[in-house]
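Engineer: following is a predicted model, sequence given first.
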Amino acid sequence: MNNKTLSILSYVTIIGWIIAFVKSKDETPKSDLVIYHLKQGFGIFLLTFAVNVILSIVLSIVPSLYFLSFVGYAFLILWIFGIINAANEQKKPIPVIGKMFEDKFDFIN
């Protein structure tokens, strides 16, 4: 697989992320583009998972806050931005939250 495909695959579910991670470890010259999008994809996955767990707890306690469930759509839009950046082979952070993940997850390097 080429770097563009691995970058896009890093956003497509956690299984796609694992495949991209394993394939990128096999490359001899490490691709900065793939590593960057692996970090962004893993970060958005973790953040989405944490927010969904917190929201499900809050909504089970206070059902009148049902409108908070629309936060998932914001993550969907941010996820699409990440895929678009990977498809264009750009190392741009995901809007609003992407800067948090740039220097995290050292195990990906």
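Structural biologist: Okay, I see it.
Engineer: tell me which element the residue nearest the centre of the chain falls in.
Structural biologist: Centroid-nearest residue in the chain, with C-alpha atoms, centre = their mean: G41, separated by 2.2 Å. When elements are assigned from DSSP states H and E, G41 belongs to helix 32-61.
Engineer: ok, now which ones touch the nearest residue to Y66 once chain neighbours are set aside?
Structural biologist: In space, Y66 comes closest to L59 once its chain neighbours are excluded; the distance is 6.4 Å by C-beta to C-beta, 6 or more residues apart in numbering. For every residue, glycine as well, the C-beta is placed using N, CA and C. Residues in contact with L59, defined by C-beta atoms under 8 Å, 6 or more residues apart in numbering, are 65-66, 68-69.
Engineer: helix, strand or coil for P95?
Structural biologist: Secondary structure state of P95, per DSSP: H, G, I helix; E, B strand; the rest coil, is coil.
Engineer: what distance do you get for it to I44?
Structural biologist: As judged by C-beta to C-beta, to the nearest Å, P95 and I44 stand 11 Å apart.
Engineer: what does V51 give?
Structural biologist: When distances are taken as C-beta to C-beta, V51 and I44 turn out to be 10 Å apart.
Engineer: just the mean pLDDT for stretch 32-49, thanks.
Structural biologist: Throughout stretch 32-49, pLDDT has a mean value of 91.
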